[in-house]
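Asker: A predicted structure for the sequence below; I have some questions about it.
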There are 2 protein chains.
Amino acid sequence: MTHHMPARRALIRLLGASCLALATGQAVRAEAPSFSASDMVAAERLREAGLASGLAYELVDSLVTEVGARPAGSLNDQRAVDWALDRLRRLGFSNVRAEPVPLRAWKRGEAHAHITAPYPHPLVMTALGNSVATPKEGLHAEIAYYPDLETLKADVSERARGRIVFIDQKTERSRDARGYGRAVAARIQGTAEAAKRGAIAVAIRSIGTDRDRLAHTGSTRYAEGLSKIPALAVSVPDADLIGRLTRYGQPIKMHLALQAEGGIAAVSHNVIAEIPGSELPDEVVLIGAHLDSWDLGPGALDDGAGVGIVTAAARLMLEAGLKPRRTVRVVLFANEENGFDGAIAYADKYKSQVHQFVGESDLGAGLVYRFQSRVRPEALPLIQQIAQPLAALGIALGSNEGSPGPDAALLMRRNAWPALELSQDGSDYFDWHHTPNDTLDKIDPAKLGQNVAAWAVMSWLAAQSPVAFGPMPTAAKP
Amino acid sequence: MTHHMPARRALIRLLGASCLALATGQAVRAEAPSFSASDMVAAERLREAGLASGLAYELVDSLVTEVGARPAGSLNDQRAVDWALDRLRRLGFSNVRAEPVPLRAWKRGEAHAHITAPYPHPLVMTALGNSVATPKEGLHAEIAYYPDLETLKADVSERARGRIVFIDQKTERSRDARGYGRAVAARIQGTAEAAKRGAIAVAIRSIGTDRDRLAHTGSTRYAEGLSKIPALAVSVPDADLIGRLTRYGQPIKMHLALQAEGGIAAVSHNVIAEIPGSELPDEVVLIGAHLDSWDLGPGALDDGAGVGIVTAAARLMLEAGLKPRRTVRVVLFANEENGFDGAIAYADKYKSQVHQFVGESDLGAGLVYRFQSRVRPEALPLIQQIAQPLAALGIALGSNEGSPGPDAALLMRRNAWPALELSQDGSDYFDWHHTPNDTLDKIDPAKLGQNVAAWAVMSWLAAQSPVAFGPMPTAAKP
């Protein structure tokens, strides 16, 4: 697998591949609906401009330096909304607006945990999003150790009852986030599975690929009819320690004191900016990211990078003086992290509007290596043509079973909108995801430029397409 | 530069190089005092046994799992002493003992800092060792930013007065710890330099080569006649943030609340174990490590690894049934981290005893790449012979200007004892040094085995030497 192809190498490829892309493009155009030659030339210019653009990095830098962590419903979340409105207006977009998103916020308090037996040890831990608090004096109980979620689900004994369930689920490193996808069920479902078996709390090994003494937060879910128990993650080395303590064959005991408050009525906002369509203004090319972050770090990768990438990609069209046929809409969603309230509000409000595609950048700042679609079959020749200028960026065409980022995927599912996906290399993303370590230094500006180039090319051509990408045939609905 | 040569490659080299080492060894022996053939054969057997030994890793694992962090003078420090006595006795050493080391302990309390202007940000920080506390309500002041210690030292203005001095000293990655050596002056001297200029507190960029949201502690020093001001380190990404905030051209303000207590009367212990010498029992081969750690993490690398390495190396001689001519003494020093009290007590107590050499393993768990000495010239032919079996481990012979680990270097300076050094690759050591991240997962057992092999070979041959390595000529005294 090609991990982290340097942007410089992508540039070299680009120079060699441009002519080829044009040549094969012409072959396709002879037989099927196709982009105009001038649209293709504009796409290639956008690509060059994207590679050279520092705007995405400047935006992330500004967001994390001037705002920082911005959990949904917090004061800093509101500061982020103000920041976004200001930046989008100054960049020259039209119809810049903040659309209210009511939500129930969750707020972290003090939290401490330590092992008391067989040997005393402090634990580096963090509450999972939505966790209830412990009693003020804390809880003290024996650990019931499970190597993974499957083992817990298969347990029909009384072993977990009255204990703190510990799930030592490991996260595999992978380019396409599939290791995370497999592991994260332990965080989301583990709490209810533990409660179902009478546990008084649940602790998980952090869902992450690092070996740092930093715990990964993220939301967990409670189930109807089951008691709500406190839920936390410990850092990977602390999970290793608990694993090693099991070999002494004596009870492992944990003390846990965790404060948190949920259900706080709050309002956040989706921030929206547009380049109005010149011919089909009511048809929307939606390129999104989410503006909120978890509270533990400034969210440079999650999802400051996405905010920078899609904003800079749209801005390139303005700078080039291009007038897209369809409306290009940048949407910075509210509260992706803990409820998808922004995506849900958007899906409801714009239900009846035609969307050419929905897409989202939300896997950090790695290089894009693949372009995928989820469009009606009649649009596939256009997808193949969009893939041509992307190939010069080291991006391969994947399947028509693509899935965009999390908010966009929700829109796709709810409203049966077509979707486009630019798959990023996420090999190191889960080293830092949902931790205090999600900081600007983790971003390589050159890689961000490749992302901007890809998003600009894809968005521009989709906006120009002579063919609508939807509606989706019922059978193809995910 | 060869970083991180895999142990497997070292093993392959070993097989090819063994015969050569013997052959050249014989050539030297014809003209100069030399080791007996049977001593050289025993050295090679020790080397093979060291590479195959898992004991060093088992010892570190046991220490960090059963004891954990063990700052000098703490309850856990005493638990570590008990742990060491128990392990050394069970391993079959003679004269296992704990020698009292009175000291003044320093204890960390709660500490918080955040930037209040131009934009609010929490800071990941930690108090430096020996720091005094702030007033309970904390301090709030503008930052006086200095890119490095030199700039602060050169400042003759009033800029620092009434402010919190921030020293953004960067640590370069290097194999031989020289990057750390250059940077650490900011931590040790920065406090007095800031106080001299009227600062009310000092904050430094962590002395470390990582980019993790974890601050590096370590001791700082106050100077006579200057006020004692609170001293802290912020994590590398937080230092980057402060650097970025300077570009807004507005005052950067920090709030700091830090609790700590110093001067606590306590007693720790040097833990000592021996293999008594068969012919020259009053001459000592001293192989050391330090038993204490900083309080933030379990000290797997600093210096659990050293404890494991030198203990396992000596144990190999017992297992092989070897009877060294001189006494081999394992010394686990007390309070290396914050005062060298153990080394000072040892230097005083054993001042009049002949030491064949002093050495210490205290740079983590990287491979040894160099063997150096500091011995009288007459002993150099023996040093060259010791280098022969080490060559098969990928270890090159360096100069006679070597310097052992910190405690051993103190002994060498105070008592003019000869010294031997096995230089470890410290390229990644300062990613984790003095942070919560100094955990067992950072250790590669195969690399630890190479260290054990090298220490066993060197210690055994030094103990057998027909020539004394000292006394040092006055001129060569460091």
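Answerer: Structure received.

Asker: Now do the spatially most central residue of chain A, the pLDDT please.
Answerer: What sits nearest the mean C-alpha location of chain A, by C-alpha atoms, centre = their mean, is A:D362, with 3.2 Å. If you check A:D362, the pLDDT there is 98.

Asker: Not counting its neighbours along the chain, what's nearest it?
Answerer: Closest residue to A:D362 apart from its sequence neighbours, by C-beta to C-beta, 6 or more residues apart in numbering or on different chains: A:G405 at 3.8 Å. Backbone N, C-alpha and C define where each C-beta goes, glycine included.

Asker: Got the confidence number for that neighbour?
Answerer: For A:G405, pLDDT reads 95.

Asker: thinking again about what came up before, now that the residue nearest to the centre of chain A has come up, it's in contact with A:L301, right?
Answerer: No: counting by C-beta atoms under 8 Å, A:D362 stays clear of A:L301, with 9.4 Å between them.

Asker: Run a quick neighbour tally on the spatially closest residue to A:I164 that is not a sequence neighbour.
Answerer: Spatial nearest neighbour of A:I164, excluding adjacent residues (C-beta to C-beta, 6+ apart): A:A201 at 4.6 Å. The tally of other residues near A:A201 (other C-beta atoms under 10 Å in any protein chain shown) stands at 26.

Asker: Just the pLDDT at A:A201, thanks.
Answerer: pLDDT, read off for A:A201, is 98.

Asker: So A:A186 sits against A:L149, correct?
Answerer: Yes: using C-beta under 8 Å, A:A186 makes contact with A:L149 at a distance of 4.2 Å.

Asker: Could you check which of these two has the larger neighbour count?
Answerer: Neighbours were counted for A:A186 and for A:L149 using other C-beta under 10 Å; A:A186 has more, 26 against 23.

Asker: Correct me if wrong, but the more buried one is in a helix.
Answerer: Yes: counting by DSSP: H, G, I helix; E, B strand; the rest coil, A:A186 is part of a helix.

Asker: What distance do you get for it to A:T220?
Answerer: Distance of A:A186 to A:T220, given as C-beta to C-beta, to the nearest Å: 10 Å.

Asker: go on, A:G277?
Answerer: Taking C-beta to C-beta, one finds A:G277 at 41 Å from A:T220.

Asker: And for A:L152?
Answerer: Counting by C-beta to C-beta, the gap from A:L152 to A:T220 is 14 Å.

Asker: List the residues that contact A:L380.
Answerer: A:373, A:400 (C-beta atoms under 8 Å, 6 or more residues apart in numbering or on different chains).

Asker: Look up the pLDDT of the residue lying closest to A:H121 once chain neighbours are set aside for me, please.
Answerer: Of all residues not flanking A:H121 in the chain, A:I115 sits nearest, at 4.3 Å (C-beta to C-beta, 6+ apart). Listed pLDDT for A:I115 reads 98.

Asker: for A:T2, same thing?
Answerer: Reported pLDDT for A:T2: 32.

Asker: about what we covered before: so for A:G277 and A:T220, which residue has more residues nearby?
Answerer: Comparing A:G277 with A:T220 by other C-beta under 10 Å, the one with more neighbours is A:T220, at 24 against 20.

Asker: Now that one. Its backbone dihedrals?
Answerer: phi -120, psi 170 (degrees, to the nearest 10).

Asker: how distant is the strand or helix carrying A:A257 from the center of its chain?
Answerer: Assigned by DSSP states H and E, A:A257 belongs to strand A:253-275. Strand A:253-275 sits 16 Å away from the centroid of its parent chain (C-alpha atoms, centre = their mean, to the nearest Å).

Asker: so does that strand get close to chain B?
Answerer: No: applying C-beta under 8 Å from any C-beta of the partner chain, one finds strand A:253-275 separated from chain B by no less than 14.8 Å.

Asker: can you give me the mean pLDDT across that strand?
Answerer: On average, strand A:253-275 scores 98.

Asker: And the next helix or strand past it?
Answerer: Assigned by DSSP H and E, the successor of strand A:253-275 is strand A:280-290.

Asker: gap between the helix or strand just after that following strand and the chain center?
Answerer: The first helix or strand that comes after strand A:280-290 along the chain, using DSSP H and E, is helix A:305-319. The chain centre lies 17 Å from the centre of helix A:305-319; the measure is C-alpha atoms, centre = their mean.

Asker: just the angle between the following helix or strand past helix A:305-319 and helix A:305-319, please?
Answerer: Later in the chain than helix A:305-319, the nearest helix or strand by DSSP H and E is strand A:326-333. With axes from the mean of the first three to the mean of the last three C-alpha atoms, to 10 degrees as the basis, strand A:326-333 and helix A:305-319 are set at 150 degrees to each other.

Asker: residues from the stretch 51-200 of chain A in reach of chain B?
Answerer: A:61, A:64-68, A:119-122, A:124.

Asker: Spit out the residues that contact A:L152 and A:T220 alike.
Answerer: With C-beta under 8 Å, 6+ apart, A:L152 and A:T220 have common neighbours A:G190.

Asker: neighbours of A:R79, just the number please.
Answerer: Using other C-beta under 10 Å: A:R79 sits among 16 other residues.

Asker: Also A:K170?
Answerer: 16.

Asker: And for A:L440, the neighbour number?
Answerer: Neighbours of A:L440 using other C-beta under 10 Å come to 22.

Asker: list the contacts for it?
Answerer: By C-beta under 8 Å, 6+ apart, the neighbours of A:L440 are A:60-61, A:64-65, A:298, A:300, A:304, B:237, B:240-241, B:244.

Asker: Make a markdown table out of those and add secondary structure.
Answerer: Below are the contacts of A:L440 laid out as a markdown table (three-state DSSP):
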| residue | secondary structure |
| --- | --- |
| A:V60 | helix |
| A:D61 | helix |
| A:V64 | helix |
| A:T65 | helix |
| A:P298 | coil |
| A:A300 | helix |
| A:G304 | helix |
| B:P237 | helix |
| B:D240 | helix |
| B:L241 | helix |
| B:R244 | helix |
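
Asker: Looking at the residues you listed, spot the one nearest B:Q169.
Answerer: B:D240 (13.0 Å; C-beta to C-beta).

Asker: backbone phi and psi for A:S174, please?
Answerer: Torsion angles, degrees, to the nearest 10, at A:S174: phi -150, psi 150.

Asker: That one is in contact with A:S427, isn't it?
Answerer: Yes: counting by C-beta under 8 Å, A:S174 touches A:S427, with 7.2 Å between them.

Asker: hang on, the earlier thing: so what strands line up beside the strand holding A:A257?
Answerer: Counting by DSSP bridges, the strands paired with strand A:253-275 are strand A:94-117 (antiparallel), strand A:139-146 (antiparallel), strand A:326-333 (antiparallel).

Asker: Show me the one of the ones you listed that comes nearest B:A195.
Answerer: Comparing the strands paired with strand A:253-275 by C-beta to C-beta, strand A:94-117 comes nearest, at 33.2 Å.

Asker: average pLDDT for stretch A:449-469?
Answerer: 98.

Asker: What residues sit buried inside stretch A:133-147?
Answerer: The neighbour-count check on stretch A:133-147 (16 or more other C-beta atoms under 10 Å in any protein chain shown) flags A:133-134, A:138-139, A:141-146 as buried.
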